[in-house]
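*Asks:* Give me a 3D structure for the following:
(one chain, ligands or ions: 1)
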Amino acid sequence: MNEPQMPSCQNVSDALSDYLEGYLSDRSRISLEQHLEMCPLCLVYLDHFRQIYHVTGKPEPEQLPEDFTDVMGKVIRAWREEQDSGNQPDAD
Ligand SMILES: [Zn+2]
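*Replies:* Numbering: from 1, shown residues only. Modelled structure (predicted):
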């Protein structure tokens with residue numbers, strides 16, 4: 001048990017608005033960016049989040065287009081599938 005202190009995908013998604021607004025501490029920002037380097041799914045999340053930010057300036061949940069929720073649903077589903085398959089041996 002020697003896991004690095006890496007934020008989970010949930011931590012990252014929770015922190016993205018602070019990250020984009022520059023509210024995160026250097027330490028939090030660095031660990032978040034390290035997670036992003038290793039996690040394409042969170043990168044997709046960030047990319048969509050950024051687009052919403054650009055459009056609305058402030059992404060209140062009510063302001064998010066339905067498409068955003070749909071995309072995020074797919075991302076979250078992919079996360080779960082990755083976690084589920086992560087415990088199984090590679091069958092290929
Ligand atoms: Zn992630």
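*Asks:* Residue 24: what's its closest spatial neighbour, skipping adjacent residues?
*Replies:* residue 18 (5.1 Å; C-beta to C-beta, 6 or more residues apart in numbering). C-beta: built from backbone N, CA, C; applies to glycine.
*Asks:* so what does the host helix or strand of residue 44 touch, helix or strand wise?
*Replies:* In the assignment (DSSP states H and E), residue 44 maps to helix 40-56. Using 3 or more C-beta pairs under 8 Å, 6 or more residues apart in numbering; DSSP states H and E, the elements in contact with helix 40-56 are helix 9-21, helix 26-38, helix 66-86.
*Asks:* interface residues of the chain facing the ion?
*Replies:* Counting by C-beta under 5 Å from the ion, the chain comes close to the ion at 9, 39, 42.
*Asks:* Go ahead and produce PDB holding the CA coordinates of the worst-scoring helix or strand of the chain on mean pLDDT.
*Replies:* Least confident helix or strand of the chain, by mean pLDDT, DSSP states H and E, is helix 66-86 with a mean of 71. Output in PDB follows, covering the C-alpha atoms of helix 66-86 (Å, rounded to 0.1, in the frame of the first residue of the first chain):
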ATOM      1  CA  GLU A  66     -28.600  19.000 -22.100                       C
ATOM      2  CA  ASP A  67     -25.900  17.900 -24.400                       C
ATOM      3  CA  PHE A  68     -23.400  18.600 -21.700                       C
ATOM      4  CA  THR A  69     -25.100  16.200 -19.300                       C
ATOM      5  CA  ASP A  70     -25.300  13.700 -22.000                       C
ATOM      6  CA  VAL A  71     -21.600  13.900 -22.700                       C
ATOM      7  CA  MET A  72     -20.800  13.700 -19.100                       C
ATOM      8  CA  GLY A  73     -23.000  10.700 -18.700                       C
ATOM      9  CA  LYS A  74     -20.900   8.900 -21.300                       C
ATOM     10  CA  VAL A  75     -17.700  10.000 -19.600                       C
ATOM     11  CA  ILE A  76     -18.900   8.800 -16.200                       C
ATOM     12  CA  ARG A  77     -20.100   5.500 -17.700                       C
ATOM     13  CA  ALA A  78     -16.600   5.100 -19.200                       C
ATOM     14  CA  TRP A  79     -15.100   5.800 -15.800                       C
ATOM     15  CA  ARG A  80     -17.100   3.000 -14.300                       C
ATOM     16  CA  GLU A  81     -16.400   0.600 -17.000                       C
ATOM     17  CA  GLU A  82     -12.700   1.300 -16.700                       C
ATOM     18  CA  GLN A  83     -12.800   0.700 -12.900                       C
ATOM     19  CA  ASP A  84     -14.800  -2.500 -13.400                       C
ATOM     20  CA  SER A  85     -12.400  -3.800 -16.000                       C
ATOM     21  CA  GLY A  86      -9.400  -2.600 -14.000                       C
END
